[in-house]
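quick one: sequence plus predicted model below, questions after.
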Amino acid sequence: MSIHSTYYSLLWKFGRRLYMIARNDLTLTPEKNGEYWIQEKLVASFPENYNFVVFDIGANIGEWSSSIINISKHQKNNKGSLHLFEPTKDTYEFLQNFFAGSNDLLKINHLAVGDSNK
């Protein structure tokens, strides 16, 4: 990972934290807002050996995707594939380094997803 990517990631986290403090939105973390709970329930609902596909649109630094990977490892369902989409070059490179050597079913895409080609 480059120094620039690390610096960008830390700066973004710091800025986001300040923004959340200013808005008094400290409960908007995946642990507190129910996102991880939903992930657990979703993966647990799949039949055994179900070949599921998950898309992480705007993957950012991969926290959400990392959680899905960890949950599926602890469930009976570890046959799924995960597709991450991240348009920002530095963040995309961060994801490639973060998930280096991960599951073959993980695909990181340097693309934006939207309803137009702008």
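Structure's in. What do you need? The model shown is predicted, which means the values in this text are computed figures rather than measured ones.

for the rest of this, base every contact and every neighbour count on C-alpha atoms.
Noted.

the residue located most distally from the centre of the chain in helix, strand or coil?
Relative to the centre of the chain, the most outlying C-alpha is that of residue 22, 24.7 Å out, by CA atoms, centre = their mean. What DSSP: H, G, I helix; E, B strand; the rest coil gives for residue 22 is helix.

okay, now the unreliable bits of the chain?
Residue ranges of the chain with pLDDT under 70: 1-4, 26-28, 76-78.

which residues does the residue farthest from the centre of the chain contact?
For residue 22, the contact set (CA atoms under 8 Å, 6 or more residues apart in numbering) is empty.

next one: the one 10 residues further on
Contacts for residue 32 were tallied using CA under 8 Å, 6+ apart; there are none.

just the element for it, please.
helix 30-33 (DSSP states H and E).

again, but for residue 108
strand 106-109.

go on, residue 82?
With DSSP H and E as the test, residue 82 turns up in strand 81-85.

so what secondary structure elements neighbour the helix or strand just after that strand?
Next in sequence after strand 81-85, counting helices and strands by DSSP H and E, comes helix 89-98. Where contact means 3 or more CA pairs under 8 Å, 6 or more residues apart in numbering; DSSP states H and E, helix 89-98 is packed against helix 3-23, strand 106-109.

of those, which approaches residue 39 most closely?
strand 106-109 (16.9 Å; CA to CA).

who does that closest one pair up with?
Strand 106-109 pairs in its sheet with strand 81-85 (parallel), by DSSP bridges.
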